[in-house]
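**Q** Structural data only, the sequence is not supplied:
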């Protein structure tokens, strides 16, 4: 096959190729007059190729559109090499967006004599992109809205908690106080039963005050901003144990705390976790001799901490209820408590992104496990 | 020997006024207790227009939540006048909200005490306060020439 023959066939094949692509292809002279268009062009703009030769875009499109095409042609000619740009052209259902590659055709001396364009309709893609953008904006707007709502409700919660801590305790002090005053000033007109009732009023006022305090702790655990840092779990545990020994001097408890337990978190809140868990262990080992409490890390992975005791334990059937506020598995006469402590613990652990669970057996002790990150997050290291 | 000065109790709750006075009596603290029922009244005692009528208590017990002028504002004014800046102020209040504690100390409170619900514990707390501020503590002389 000679070179000439292959070229002659090639030209027809090229035209066929141009006609079977979904892109719009055209060639215009430097003066903007059409030299060639492909079948997709004919189809889209409703002109036959025999009729279009010699016409310009200004004969075919509204002036602004034609002006833009012409300006782009001239830019590509000036550029001297292929240019990629976005163009808008009228379509059946409104303007359509094309991504167009324009490049000048040059003669043997390198002088441009025509401009070629290949335009691909990206309207659908564009619409999809716009839709994604719109949805993103909508989502962001919704997030902003929710955040504002959340902030408002946190502020309300804050104000509520503040008011509770001020206003709800005062009447309790009056209740307890006047009971005491009656006991002191009117002891001789009351019999033992009467005095016993007053003691009960006082004890209940005190119990309610402690419930209020615990609820405030629960609300604080929810609303305070986390101040993350390295937390010496072993050190905190020993601190809390020392507090407990001070509070219950008559108790004799064997405590062992593993050395060098470290986690990342808010030291103040994690102290609250340990105070509640160790406080529970202390309380529920009141009838165990010897009472034994251990604090350790468990498992192959770092970050799982366990507090075990050999106390009263609990029925595993109720394990899930343990962490709900005001759920108590023991009667108040057996072991005192408000039932809020574990809810506080669970709230704090969850806010740290950790998990908490418990294992126990009635009469055979309990173990509480919680997870905390042990490595600082990279963002916090650089911060 | 107790410091014989007066105690200014700034407290709007009449029950708390009664309990506090009773607790002082239980502890044989016989200093005269002057009661201001709101912040404005406290400021009238401490910083009156006519300075010759000013009250210079040995101890101020200050509640935080008060009508008219709140306790923290009273504290700020006490500390911003040389005549009253050196007076011992114990914030004695119901709440132990961190922000109240922080604000009180920022404004120069000498102490922050939360009133216990149980009266017996309140009596004990009052005893410690009375012994410390009226007996152990050496009060500041008036700050002269600064006002």
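**A** Arrived safely. For clarity, every value in this text was computed on a predicted model and none was experimentally measured. Numbering: from 1, shown residues only, chains lettered A, B, ... in the order given.
**Q** got the residues of chain B near chain A?
**A** Residues of chain B lying near chain A by CB under 8 Å from any CB of the partner chain: B:13, B:15-16, B:19, B:22, B:64-65, B:93-97, B:99, B:115-120, B:122. Any C-beta I mention is one placed from the backbone N, CA and C, and that applies to glycine too.
**Q** Now do the contacts for residue A:116.
**A** For residue A:116, the contact set (CB atoms under 8 Å, 6 or more residues apart in numbering or on different chains) comprises A:25, A:26, A:27, A:102, A:103, A:104, A:105.
**Q** per-residue confidence for it?
**A** You'll see residue A:116 listed with a pLDDT of 95.
**Q** which SS class is it?
**A** With DSSP: H, G, I helix; E, B strand; the rest coil as the basis, residue A:116 sits in strand.
**Q** any idea how far chain B is from it?
**A** 73 Å (CB to the nearest CB, to the nearest Å).
**Q** Kindly provide the distance from that residue to residue B:35.
**A** The gap separating residue A:116 from residue B:35 is 98 Å, by CB to CB, to the nearest Å.
**Q** Please apply the same query to residue B:111.
**A** Counting by CB to CB, the gap from residue B:111 to residue B:35 is 20 Å.
**Q** Compare these two and say which is more crowded by neighbours.
**A** Per other CB atoms under 10 Å in any protein chain shown, whichever of residue B:111 and residue B:35 has more neighbours is residue B:35, with 18 against 15.
**Q** would that one count as being in a strand?
**A** Yes: in this structure, residue B:35 lies within a strand as judged by three-state DSSP.
**Q** That one and residue B:11 touch, don't they?
**A** Yes: between residue B:35 and residue B:11 a contact is recorded at 6.7 Å, counting by CB atoms under 8 Å.
**Q** shared neighbours of these two, anything?
**A** residue B:17.
**Q** State which helix of chain A is the longest.
**A** For chain A, the helix that runs over the most residues, judged by DSSP state H, is helix A:123-163.
**Q** tell me the contacts of residue B:71?
**A** When contacts are counted by CB under 8 Å, 6+ apart, residue B:71 touches B:10, B:39, B:62, B:63, B:64, B:65, B:91, B:93.
**Q** of all those residues, which comes closest to chain A?
**A** residue B:65 (5.1 Å; CB to the nearest CB).
**Q** before we move on, what SS does residue A:369 have?
**A** On the three-state scheme (three-state DSSP), residue A:369 is labelled strand.
**Q** That one bridge partners, please.
**A** Beta-bridge pairing for residue A:369 (DSSP bridges): residue A:306, residue A:357.
**Q** So it is in contact with residue A:306, correct?
**A** Yes: if you go by CB under 8 Å, residue A:369 and residue A:306 touch, sitting 5.0 Å apart.
**Q** any shared contact partners between those two?
**A** Contact criterion CB under 8 Å, 6+ apart; residues shared by residue A:369 and residue A:306: residue A:298.
**Q** What are the phi and psi values at residue 13?
**A** Just so you know, I chose chain A. Per-residue torsions, residue A:13: phi -60, psi -40 (degrees, to the nearest 10).
**Q** you looked at the wrong chain, it should be chain B
**A** Here is the backbone geometry of residue B:13 (degrees, to the nearest 10): phi -90, psi 110.
**Q** which residues in chain B form helices?
**A** Under the criterion DSSP H, helices of chain B are mapped to B:14-26, B:39-46, B:71-80, B:82-85, B:98-106, B:119-131.
**Q** Is residue A:96 bridged to anything, and to what?
**A** Taking DSSP bridges as the rule, residue A:96 bridges to residue A:89.
**Q** burial measure for it, as a count.
**A** Per other CB under 10 Å, the neighbour tally for residue A:96 reads 18.
**Q** remind me which residues of chain B are low pLDDT?
**A** Residues of chain B that meet the criterion pLDDT under 70 lie in B:1-3, B:142-147.
**Q** what's the distance between the nearest residue to residue B:69 once chain neighbours are set aside and residue B:75?
**A** Among residues not flanking residue B:69 along the chain, residue B:39 sits closest, at 2.9 Å (CB to CB, 6 or more residues apart in numbering or on different chains). In this structure, residue B:39 and residue B:75 are 9 Å apart, going by CB to CB.
**Q** which ones are touching residue A:237?
**A** Shown in contact with residue A:237 (CB under 8 Å, 6+ apart): A:257, A:261, A:274, A:278, A:295.
**Q** Repeat the analysis, applying 6 Å as the threshold.
**A** A:257, A:274, A:295 (CB atoms under 6 Å, 6 or more residues apart in numbering or on different chains).
**Q** cool, and residue A:73?
**A** Shown in contact with residue A:73 (CB under 6 Å, 6+ apart): residue A:115.
**Q** What distance do you get for it to chain B?
**A** The gap separating residue A:73 from chain B is 70 Å, by CB to the nearest CB.
**Q** Residue A:199: which element?
**A** Taking DSSP states H and E as the criterion, residue A:199 maps to helix A:192-223.
**Q** I'd like to check the angle between that helix and helix B:119-131, please.
**A** Angle, helix A:192-223 to helix B:119-131, by axes from the mean of the first three to the mean of the last three CA atoms, to 10 degrees: 70 degrees.
**Q** would you say residue A:254 is within a helix?
**A** No: Residue A:254: not assigned to a helix; according to three-state DSSP it is strand.
**Q** Setting the sequence-adjacent residues aside, check what's closest to it.
**A** residue A:292 (4.7 Å).
**Q** Hmm, residue A:372 is touching residue A:353, no?
**A** No: at 8.4 Å, residue A:372 does not count as touching residue A:353 under the criterion of CB atoms under 6 Å.
**Q** Which of those two has more residues huddled nearby?
**A** Taking other CB under 10 Å, residue A:372 and residue A:353 do not tie; residue A:372 has more neighbours (23 against 13).
**Q** Tell me how far that one lies from chain B.
**A** Applying CB to the nearest CB, the value for residue A:372 to chain B is 23 Å.
**Q** before we move on, which element is residue A:293 in?
**A** Using DSSP H and E, residue A:293 maps to strand A:291-297.
**Q** Now do that strand: everything it contacts.
**A** Strand A:291-297 is contacted from outside by A:237, A:253-258, A:261, A:281, A:285, A:305-310, using CB under 6 Å, 6+ apart.
**Q** Now do the contacts for residue 120.
**A** Chain wasn't specified; assuming chain A. Contact analysis of residue A:120 by CB under 6 Å, 6+ apart lists A:23, A:99.
**Q** Model confidence for it, exactly?
**A** At residue A:120, the model reports a pLDDT of 93.
**Q** Run through the bridge partners of it.
**A** Beta-bridge partners for residue A:120, by DSSP bridges, are residue A:99.
**Q** Report how many residues lie close to the residue in the stretch 51-200 of chain A that chain B sits nearest to.
**A** Using CB to the nearest CB, the closest approach of the stretch 51-200 of chain A to chain B is made by residue A:180 at 3.8 Å. Residues contacting residue A:180 under the criterion other CB under 10 Å number 21.
**Q** Skipping adjacent residues, who's closest to it in space?
**A** Distances taken as CB to CB, 6+ apart put residue B:119 closest to residue A:180, at 3.8 Å, once the chain neighbours are dropped.
**Q** residues contacting the one you found?
**A** Contact analysis of residue B:119 by CB under 6 Å, 6+ apart lists A:176, A:177, A:180.
**Q** how about the host helix or strand of residue A:180: buried residues?
**A** Using DSSP H and E, residue A:180 maps to helix A:169-185. Neighbour counts over helix A:169-185 (16 or more other CB atoms under 10 Å in any protein chain shown) mark A:169-170, A:172-183 as buried.
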